[in-house]
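>>> Give the three-dimensional model of this entry:
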Amino acid sequence: MKKQLRTAAVLLFLASACRQPAQQSGANVVNKFSDATLRRIYTLQDERKTQDLLTFLDRPETMYRREAALAFGSVQDSTAIPALSALLQDPEAEVRKATAYALGQIGNAKAEPALMEAYNREQNVPVRAEILEAWGKCATQNGLDMMARYTAQTNMEPAQAWALYRAGQRKLNYAGAITKAAALLNSGQEEARLGASHFLGRTAKLDPSPAKVALFKVVQQDPSANVRMAAALALGKMTDTTGPVPIVTKVLTSDPDYRVRLNAVRPLYQLPYAAVQASAWKALTDAHPHVALSAAEYLAGKAPAADAGKLLEAAQKQKDWRVRATLFGAALASAPANQKNEIGQQIQQRFAKASNPYEKAALLTALGKDQSQYPFIEQQVFQAKHPAISTTGMDALISIRSQKNFDATAASDFNQLFKKAIETGDVALVGMAAGAIRNPDLNLKNAYSDFAFLDQAKAKLTLPRDIETYLEVQKTLDYLQSQTSAPTPATPFSHPINWTVVNRLQKTQKARLKTSKGEITFELMVEDAPGSVANFVELLEQGFFNGKNFHRVVPNFVAQGGCPRGDGWGSTDYAIRSEFADLNYLEGYVGMASAGKDTESCQWFITHSPTPHLDGKYTIFARVVKGMDVVHQLNIGDRIEKVELVK
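Predicted structure coming up:
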């Protein structure tokens with residue numbers, strides 16, 4: 001049943017083939033969309049026309065069957081499952097592989113029997129691996145249990161590990177799978193260890209304690225930083241709160257890769273503060289500011305009131321503004337009542353002197369740790385010249401109102417400021433305030449005599465540009481009026497693929513970003529995401545991205561830019577469709593930000609490390625081929641000076 005290959009080298013190559021970038025760098029060649037039929041298939045995908053696409057599954061040309069099958073990975077229409085299931089017996093391996101991917105993307109348990117049958121008869125290793133991972137995406141409890149009992153040959157261990165990871169998103173019972181994942185942590189193949197580590201670290205409500213011996217070894221000794229950082233996440237999920245302490249503290253202070261050290265901060269939240277505080281405080285001086293920031297965030301949440309003075313001293317000495325603002329907030333939250341005003345004044349003074357709007361925004365977040373600071377924050381929200389300040393300030397006000405010890409004498413003031421925020425018409429303030437009014441914990445259902453201000457705000461919104469805000473307002477109106485939630489409006493199909501732009505791009509077209517931290521070069525995935533690439537190119541040729549900022553940088557996750565407002569709430573007047581290809585988010589992959597499927601516009605992000613939980617949910621349209629060192633240095637507020645195509 002399983003094909004025997006001649007050499008170990010071939011085995012390893014084939015086993016990993018399904019996880020490698022489909023787009024390979026190479027000589028400049030004309031992209032595949034010179035073929036009119038391929039343009040037709042991708043147009044039908046973009047238009048979500050299932051019935052028309054199905055006819056291409058019967059075409060005699062292998063390429064067209066393959067591309068039509070892949071199209072359903074984006075369309076994700078369950079009515080295509082029978083036709084796709086039949087295509088798992090196609091004579092061509094590349095068609096079968098594409099079909100398995102599409103079925104996995106649909107993610108419906110109805111596809112599981114066909115995938116199980118296909119797995120048993122398949123002889124081609126890359127196809128078999130794709131089928132197994134797709135099976136994980138569709139798995140029932142019975143299917144997961146079968147995967148967990150299965151002893152894979154060496155060449156299938158990576159696929160088995162990733163199948164377990166994909167099944168880990170389906171809310172099943174994972175007792176048997178934990179045992180199998182522990183065994184896969186000892187695999188000789190990095191991909192198997194990586195998949196197993198992510199399964200143990202990212203599966204919700206899973207206690208990986210049965211795998212702790214293998215995890216402890218991997219997180220300290222694995223030669224791959226990707227594996228070590230994924231394993232570090234798993235340490236924070238163990239019910240054993242003492243065993244991981246020496247491992248975590250060692251990794252936090254000694255691992256050579258900043259991302260592994262950063263991930264070692266995350267388990268600290270589940271461990272006794274007394275046992276890890278020394279390592280956490282030491283991490284504040286880490287050479288990489290993202291590690292220091294993560295340590296500051298941990299101390300902000302866990303340091304006792306007795307450490308308020310120490311936190312304030314650390315804030316005053318800190319040079320990085322994000323770390324400093326976080327520590328100021330921690331000091332303010334921890335300080336006794338008679339010292340809060342003094343610390344608040346220090347933060348306000350920093351705010352007045354700061355020229356960076358993103359630093360000002362962070363300082364408002366710090367002030368949000370003390371309710372008495374809300375008049376100052378409110379003032380800044382409604383007079384801010386930069387959206388990042390007003391948006392972050394509103395978030396701080398909502399945080400104050402949501403505190404368990406909120407002084408109810410200020411409740412009416414907050415009711416009015418939420419209404420005032422909605423009446424501004426600013427999409428961010430409207431959306432955030434509407435969400436706060438709808439929060440059942442705040443008990444605001446009877447706070448307003450009429451809801452005209454919400455109706456008026458909704459009427460001023462433009463779809464699809466303001467879809468996030470529109471949904472927030474509509475949900476709030478439904479909540480206040482005790483009505484069943486209105487259906488989500490369909491995203492208008494108003495921006496089809498610009499084939500004129502696509503057909504002048506090379507298969508390996510590059511784009512250069514000149515940033516305030518240095519240059520970054522993207523290779524655009526022209527053949528995998530033509531609509532997203534064309535949209536990106538249209539915008540860069542308009543100079544749209546020039547002068548924008550990276551408005552969101554989450555340590556060891558993403559650096560995000562492209563927002564015309566600079567606060568994450570900006571968009572264009574149109575939306576484009578999601579394009580999901582058989583690709584995975586590895587380090588330096590570039591994806592389209594969205595508010596849900598088919599709502600992409602102008603914002604995009606770059607990953608710091610493998611992020612498999614984004615696979616198949618966010619369009620991959622490029623990857624970094626030069627300047628990854630710059631990506632790792634990016635911070636909130638760093639400027640995108642210019643984006644241009646490389647001629």
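
>>> Each with direction, which strands does the helix or strand harbouring Ala622 pair with?
Using DSSP states H and E, Ala622 sits within strand 620-626. Counting by DSSP bridges, the strands paired with strand 620-626 are strand 518-524 (antiparallel), strand 589-592 (antiparallel).

>>> So which bits of the first one are buried?
Counting neighbours by 16 or more other Cβ atoms under 10 Å, one finds that the buried residues in strand 518-524 are Ile520, Thr521, Phe522, Glu523, Leu524. (Glycine included, C-beta is placed from N, CA and C.)

>>> Also stretch 430-439?
Buried residues in stretch 430-439 (16+ other Cβ under 10 Å): Val430, Gly431, Met432, Ala433, Ala434, Gly435, Ala436, Ile437, Arg438.

>>> repeat for stretch 297-313
Neighbour counts over stretch 297-313 (16+ other Cβ under 10 Å) mark Glu297, Tyr298, Leu299, Ala300, Lys302, Ala303, Asp307, Ala308, Lys310, Leu311, Leu312 as buried.

>>> so the last one makes contact with Ala333?
Just to be clear, that refers to Leu312. No: here Leu312 lies out of contact with Ala333, judged by Cβ atoms under 8 Å, at a distance of 11.2 Å.

>>> Return the residues in contact with Ala581.
Going by Cβ atoms under 8 Å, 6 or more residues apart in numbering, Ala581 touches Ala22, Leu70, Gly73, Met525, Asp528, Ala529, Ile620.

>>> now swap in Leu206 and tell me
For Leu206, the contact set (Cβ under 8 Å, 6+ apart) comprises Gly168, Tyr174, Ile178, Leu200, Lys237.

>>> now what about stretch 280-295, what contacts it?
252-253, 258, 261-262, 265-266, 268, 296, 298-299, 302, 314, 318, 320, 322-323, 326-327, 555-556, 635.

>>> what about that stretch, how long is it end to end?
6 Å (Cα to Cα, to the nearest Å).

>>> How about stretch 600-614?
From its first residue to its last, stretch 600-614 covers 15 Å (Cα to Cα).

>>> What residues sit buried inside it?
Residues 600-612, 614 are the ones in stretch 600-614 that count as buried (16+ other Cβ under 10 Å).

>>> what do you get for stretch 586-598?
Leu586, Glu587, Gly588, Tyr589, Val590, Gly591, Met592, Ala593, Ser594, Ala595, Asp598.

>>> Quick one: end-to-end distance for it.
Length of stretch 586-598, first residue to last, Cα to Cα: 22 Å.

>>> likewise stretch 119-126?
Across stretch 119-126, the terminal residues are separated by 11 Å (Cα to Cα).

>>> just to revisit the earlier point, from the buried residues of stretch 297-313, which land in helices?
Among the buried residues of stretch 297-313, the members found in helices (DSSP state H) are Glu297, Tyr298, Leu299, Ala300, Lys302, Ala308, Lys310, Leu311, Leu312.

>>> what sits against the first one?
Right, Glu297. Neighbouring residues of Glu297 by Cβ under 8 Å, 6+ apart: Thr326.

>>> circling back: pick the one among the buried residues of stretch 297-313 closest to Thr365.
Of all these, Thr365 sits closest to Ala300, with 10.2 Å by Cβ to Cβ.

>>> need the contact list for the closest one.
Ala300 neighbours (Cβ under 8 Å, 6+ apart): Leu311, Thr326, Leu327, Gly329, Ala330, Ala333.

>>> out of the residues you listed, who's nearest Gln560?
For these, the nearest to Gln560 is Thr326 (19.2 Å; Cβ to Cβ).

>>> Tell me how many other residues surround the residue lying closest to Gly301 once chain neighbours are set aside.
Take Gly301 and drop its neighbours on the chain: the residue closest to it by Cβ to Cβ, 6 or more residues apart in numbering is Tyr269, 7.0 Å away. Residues lying near Tyr269 (other Cβ atoms under 10 Å) number 13.

>>> ok, so what distance separates Tyr269 from Ala300?
According to Cβ to Cβ, to the nearest Å, Tyr269 and Ala300 sit 11 Å apart.

>>> Relative to Ser34, which of the buried residues of strand 518-524 is nearest.
Among those, Leu524 lies closest to Ser34 (Cβ to Cβ), at 16.7 Å.

>>> hey, what's the closest one bridged with?
Under DSSP bridges, the beta-bridge partners of Leu524 are Ala622.

>>> List the residues that contact it.
By Cβ under 8 Å, 6+ apart, the residues touching Leu524 are Leu505, Gln509, Lys510, Ala511, Val533, Phe536, Val537, Phe621, Ala622.

>>> and the two most separated of the residues you listed?
Greatest spatial distance among the contacts of Leu524 (Cβ to Cβ): Lys510 and Phe621, at 13.1 Å.
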